[in-house]
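In: predicted model follows, preceded by the sequence.
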Amino acid sequence: MRAKRERTLFTRGEWTTLIGMVITVISAALVWGPSRTLDAGAAQVALLANIKPRNVNAYDLAVGNIKVGWAVVLLAILCGGLLLVEPKERLKPFMFTLHLAGALGILALALSHIGLYPGIVLAILGSIVLVSGGL
């Protein structure tokens with residue numbers, strides 16, 4: 001009779017994927033760029049005097065019609081959501097490819113806005129952790 005293998009709570013790859021997902025989702029809300037300057041004429045300066053500049057997060061940046069923050073969050077949730085499915089042997093390469101594509105998509109978005117900002121650094125770190133979780 002075959003000995004039944006007990007299932008642990010999470011494997012090392014699953015923990016790594018979950019940690020990478022959390023890091024990446026948090027990175028979208030952090031600073032991804034400097035504050036935008038306002039080009040105002042002399043008449044508008046008085047009206048804009050109370051507007052304080054703020055730093056740009058990933059939800060303020062766009063790639064086409066898609067906000068970078070939402071793309072990062074959805075790709076991270078895709079990688080984490082793949083943990084909910086126990087694939088058959090023939091689907092494992094496809095699931096691995098999907099996981100890797102999501103993590104590399106996050107990395108590509110972060111590298112396209114490269115800078116020494118906490119959101120970008122965490123997005124790069126989170127995508128690397130997601131890639132290692134998929135391996």
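Out: Thanks, I have it.
In: okay, CA-based contacts and neighbour counts for the rest of this
Out: Noted.
In: this structure: helices as residue ranges?
Out: With DSSP state H as the definition, the chain shows helices at residue ranges 12-29, 42-45, 68-81, 92-112, 118-134.
In: run through who's touching stretch 106-126.
Out: Around stretch 106-126, the neighbours that count as contacts under C-alpha atoms under 8 Å, 6 or more residues apart in numbering are 19-24, 26-33, 57-58, 68, 71-72, 75-76, 127-128.
In: deepest of the helices of the chain, which one?
Out: Stretch with highest mean neighbour count among the helices of the chain: helix 118-134 (a mean of 23; mean count of other C-alpha atoms under 10 Å).
In: the helices of the chain into JSON lines, with extra columns for distance to residue 6 and mean pLDDT?
Out: Written out in JSON lines, the entries for the helices of the chain read as follows (distance: least, C-alpha to C-alpha, whole Å; pLDDT from 0 to 100):
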{"stretch": "helix 12-29", "distance to residue 6": "15", "mean pLDDT": "93"}
{"stretch": "helix 42-45", "distance to residue 6": "68", "mean pLDDT": "56"}
{"stretch": "helix 68-81", "distance to residue 6": "22", "mean pLDDT": "94"}
{"stretch": "helix 92-112", "distance to residue 6": "21", "mean pLDDT": "94"}
{"stretch": "helix 118-134", "distance to residue 6": "21", "mean pLDDT": "93"}
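In: closest to residue 62 out of these?
Out: Set against residue 62 and scored by C-alpha to C-alpha, the helices of the chain come closest in helix 68-81, at 5.4 Å.
In: how far off helix 92-112 does that closest one point, in degrees?
Out: Taking axes from the mean of the first three to the mean of the last three C-alpha atoms, to 10 degrees, one finds that helix 68-81 is oriented at 160 degrees with respect to helix 92-112.
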